[in-house]
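Asks: below is the sequence, then the predicted model.
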Amino acid sequence: MPGQNEGADAHHPGVRHEDPRPLRLPPPVLHAAPANGAANGTAGATGHGPATASPAGPAGLREGPPGDGALRCPACSAPGDDRQLAVLRASESRLRAAFCDAGIGMALIDPVDRIIEVNPAFAALTGRTVDELVGTHIHEIADPEGMPRRLFRALAHGEHDRIRVEKQLKHRTGRTVWSKVTVSLIRDAEGRPLYTLALVEDITEQRRLGDRLEYQALHDPLTRLPNRTLFFERLDAACLTPDRAEGAAGGPAAGTAITVAGTGTGGSRVGVCYLDLDGFAAINEALGHHIGDQLLIAVATRLRRGFSAHGTQLVARMGGDEFAVLVTDSQGSDQLTDLAARILDALERPFDVAGHRLVVTASVGVVERSVHETTPTDLVKDADATLYWSKADGRARWTLYDPDRGAHQLTRQLLATALRPALERGEFTIEYQPLVGLADGAVHGAEALVRWRHPRYGTLSPDRFIPLAEESGAIVPLGKWVLEESCRQARRWLTEFPETETFVSVNLAARQIWDSDVVADVAQALERTGLPARLLQLEITESALLGPGGRPLQALQALADMGVRIAIDDFGTGYSNLAYLSRLPVHVLKLDGTFIEGFRDPAPAGGRPELPELRSRRSDADEQIVGAMVQLAHTLGLTVTAEGIESAAQAERLRLTGCDTAQGWYFARPGEAELVAAILRDGREDREGAEDRGAPGGR
């Protein structure tokens, strides 16, 4: 130490001490030496004094050999005088004052881990006195568990000069005192290890604060359940197989995760039950968020008590009214589905919350698989998707993840994402299916059917992407493009076949009415293409037309006032409000294909002789229903179009009901615009031929 080194150098200004070290104390004991120069009694009694038994002089100085009579330097044994003796006494006094009065605990420990000397601050940390601690083995007051013994052995053998650790000290009362310990090695004049000096700082409050902050960071403040962060930490640990651990950064941390989770074997499996309360938003709106919070607390308590198992099952709140149960040692999908069923049963029991008896249900998505076949991100993503399958399937149920359904959902998502870019790249095209008059067999118009020429999935029909376009809002730009392209094609037909005035029928989505000015869009398309308004027909579904709000009716009335034909598509499958029908601005009813199925010829079924009679009765009933709807439409001044005609018999029976036009594969499959043009040309030639054949007879 500086004071002691200063005294030694002052005593022998010409002496060069070999192998100086940062902290070098001689074998003296730090208790004040007796005035007569006798050896320190404590050190002698305990046997922990210096290896040489020469008596200590004042302030720890040693007497010389017998007959010398001089006091000698403890570092080099050189004789000293009174002036130098005073300097040494002052130096040791400063050292003792620093040791005894230091606010940080200090302890001098011998090579066999027994305490030689401690200061009052160290004694206070453990609730003991200085005298009680002297001679005590350090492990009697310091927790040996987790002790880096290899580092201490290396320090005691002189391989290191200093180490720092956090240790738990045992207080006399039994409580634990967390401390930050810095252990330094003290060597003799030749550099050999003598003692270790421990500096101990009480960090119990810091640890408690750190524990509180860690708890808050890993637990939900409302329900006290583990939160999403802790859930993913446990899931990461459960999925950390040896091959992933080798590639993970920070080797020691990864190894710890494997040990805690107990994973890494080839048969390790993991499962998740991801659940969401059904109708929770309605409870918040009806009773208030404070009641909703109390319900979440009650749900969390029931889940924690019933389904939390230390080390194997973790119940966490993922956010909002979503919870998850993680099973880190799954035995298979049967275990997880049984767990999901028990969760549903537990939550269906009523909750008494702030004077309200609430009954709630939950939807649960279940995913279970080998840890070698998944990642934490994929597992939770699939569990979340499966949860919403449960809701879509009717709620209050569990659903096990289905890879095929998952692939379908992924395809839907990819298509939804690619819709707008595909429109910009020109991947969409339009096919046309003729609308044929049942009375004359002539083509009166054609329905425009959009197709997606997808570079990966091939040609996609509207039912594959139109619902996605409506959900994402891409139906608005797509609908504008289809409208303008169809009007342009109808103008070409009009130019080539002016006598037929073939109209084009374009489907109009409800979202096009709500999200854009459809009247302005139609007017712009007609103006750009030069198509007369009377040759444009817009089809809108019955449910969209008769839904709440007046905007669709206002828009359709404006379009009808422009001269555009309005058709109700899939009539008979929506509201079917016949009293309202007379006040709608519509011109055409398109009957849904389900009504036309009964018009097919009855076919015998082997082994079931009664089936033809049943089918015949259904056919007769459908024919009467269609006939009634046709008669009603004609009474209201509307025309009727039937879809899905597949045979001549169907077409003839529909004609007999008075149905005006029809479309279906019997007449023509959807195709390029040239298909319609070819049919129109054939019709023209037939008419011209008939006129030529009839001319002689007419003359």
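Replies: Arrived safely.
Asks: give me the below-cutoff pLDDT ranges for the stretch 501-650 of the chain.
Replies: Applying pLDDT under 70 to the stretch 501-650 of the chain flags residues 545-551, 573-580, 600-619.
Asks: the stretch 251-400 of the chain too?
Replies: Residue ranges of the stretch 251-400 of the chain with pLDDT under 70: 251-267.
Asks: just the strands in it please.
Replies: When assigned using DSSP state E, counting those that start in this stretch, the strands of the stretch 251-400 of the chain occupy the ranges 269-278, 313-319, 322-327, 351-353, 356-358, 361-370, 398-400.
Asks: give the pairing partners of the first one; include direction for each.
Replies: This means strand 269-278. strand 322-327 (antiparallel), strand 361-370 (antiparallel) (DSSP bridges).
Asks: and residue 407, which of those strands is closest to it?
Replies: For those, proximity to residue 407 was assessed by C-beta to C-beta; strand 361-370 is nearest, at 14.7 Å. Heads up, the C-betas are built off the backbone N, CA and C, glycines and all.
Asks: mind listing what's buried along the closest one?
Replies: Within strand 361-370, the residues that count as buried by 16 or more other C-beta atoms under 10 Å are 362, 363, 364, 365, 366, 367, 368, 369.
Asks: so which of the strands of the stretch 251-400 of the chain is nearest residue 132?
Replies: Counting by C-beta to C-beta, residue 132 lies closest to strand 313-319 out of these; the figure is 45.2 Å.
Asks: okay, the angle between that closest one and strand 269-278?
Replies: Strand 313-319 runs at 40 degrees relative to strand 269-278, counting by axes from the mean of the first three to the mean of the last three C-alpha atoms, to 10 degrees.
Asks: what's strand 313-319 in contact with?
Replies: 220, 222-223, 225-228, 230-231, 234, 274, 296, 300, 303-304, 307-308, 323-328 (C-beta atoms under 8 Å, 6 or more residues apart in numbering).
Asks: give me the buried subset of the residues you listed.
Replies: 220, 223, 225-228, 230-231, 234, 274, 296, 300, 303-304, 307, 323-328.
Asks: helices along the stretch 101-250 of the chain, start to end?
Replies: Using DSSP state H, counting those that start in this stretch, the helices of the stretch 101-250 of the chain run over 120-126, 130-133, 149-156, 204-218, 228-238, 242-247.
Asks: any chance of those helices in CSV, with mean pLDDT and distance to residue 502 too?
Replies: Shown next, in CSV, are those (pLDDT from 0 to 100; distance: least, C-beta to C-beta, whole Å):
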stretch, mean pLDDT, distance to residue 502
helix 120-126, 89, 99
helix 130-133, 90, 107
helix 149-156, 63, 92
helix 204-218, 87, 70
helix 228-238, 93, 60
helix 242-247, 54, 65
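Asks: can you name the residues bridging to residue 185?
Replies: Per DSSP bridges, the residues bridged to residue 185 are residue 196.
Asks: for residue 135, see how far away it is.
Replies: 21 Å (C-beta to C-beta, to the nearest Å).
Asks: the two: which is more packed in?
Replies: For residue 185 and residue 135, the more surrounded residue by other C-beta atoms under 10 Å is residue 185, and the numbers stand at 23 against 15.
Asks: give me the neighbour count for residue 649.
Replies: Look at residue 649: counted by other C-beta under 10 Å, it has 13 neighbours.
Asks: hang on, I meant residue 455
Replies: Residue 455: 9 neighbours (other C-beta under 10 Å).
Asks: was I right to think it contacts residue 427?
Replies: Yes: counting by C-beta atoms under 8 Å, residue 455 touches residue 427, with 7.3 Å between them.
Asks: how about residue 102, phi and psi?
Replies: Taking degrees, to the nearest 10, you get phi -60, psi 140 for the backbone angles of residue 102.
Asks: and of the strands paired with strand 269-278, who's closest to residue 663?
Replies: strand 361-370 (41.1 Å).
Asks: can I get the CA coordinates of that closest one in CSV?
Replies: Extracted C-alpha coordinates of strand 361-370, given in CSV (Å, rounded to 0.1, in the frame of the first residue of the first chain):
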residue,chain,number,x,y,z
THR,A,361,-66.6,-18.3,-24.2
ALA,A,362,-63.3,-18.6,-25.9
SER,A,363,-61.9,-19.7,-29.2
VAL,A,364,-58.6,-21.6,-29.1
GLY,A,365,-56.0,-22.3,-31.8
VAL,A,366,-53.8,-25.4,-31.1
VAL,A,367,-50.4,-26.0,-32.6
GLU,A,368,-48.2,-28.9,-31.6
ARG,A,369,-45.0,-30.2,-33.3
SER,A,370,-41.4,-31.3,-32.9
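Asks: I'd like the distance from that strand to the chain centre, please.
Replies: Strand 361-370 sits 14 Å away from the centroid of its parent chain (C-alpha atoms, centre = their mean, to the nearest Å).
Asks: tally of neighbours for residue 173?
Replies: Counted with other C-beta under 10 Å, residues neighbouring residue 173 total 8.
Asks: which parts of the stretch 501-650 of the chain are helices?
Replies: 510-515, 518-529, 542-545, 551-562, 578-581, 593-596, 611-635, 648-657.
Asks: which of the ones you listed sits closest to residue 435?
Replies: helix 648-657 (12.9 Å).
Asks: how about that closest one: buried residues?
Replies: 650, 651, 653, 654, 655, 657.
Asks: show the contacting residues for the last one.
Replies: Meaning residue 657. Listed by C-beta under 8 Å, 6+ apart, the contact set of residue 657 reads 623, 626, 627, 630.
Asks: of the buried residues of strand 361-370, which is the nearest to residue 85?
Replies: Set against residue 85, the nearest of those by C-beta to C-beta is residue 369 (81.3 Å).
Asks: my guess is that closest one contacts residue 376. True?
Replies: No: taking contacts as C-beta under 8 Å, residue 369 lies outside contact range of residue 376: 11.8 Å.
Asks: re the thing from before, got the helices of the stretch 501-650 of the chain as JSON lines, with distance to residue 478 columns?
Replies: JSON lines is the format used below for the helices of the stretch 501-650 of the chain (distance: least, C-beta to C-beta, whole Å):
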{"stretch": "helix 510-515", "distance to residue 478": "9"}
{"stretch": "helix 518-529", "distance to residue 478": "12"}
{"stretch": "helix 542-545", "distance to residue 478": "17"}
{"stretch": "helix 551-562", "distance to residue 478": "18"}
{"stretch": "helix 578-581", "distance to residue 478": "30"}
{"stretch": "helix 593-596", "distance to residue 478": "24"}
{"stretch": "helix 611-635", "distance to residue 478": "31"}
{"stretch": "helix 648-657", "distance to residue 478": "32"}
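Asks: circling back to that earlier point, tabulate the strands paired with strand 269-278 (JSON lines), appending distance to residue 561.
Replies: Converted to JSON lines, the strands paired with strand 269-278 look like this (distance: least, C-beta to C-beta, whole Å):
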{"stretch": "strand 322-327", "distance to residue 561": "50"}
{"stretch": "strand 361-370", "distance to residue 561": "47"}
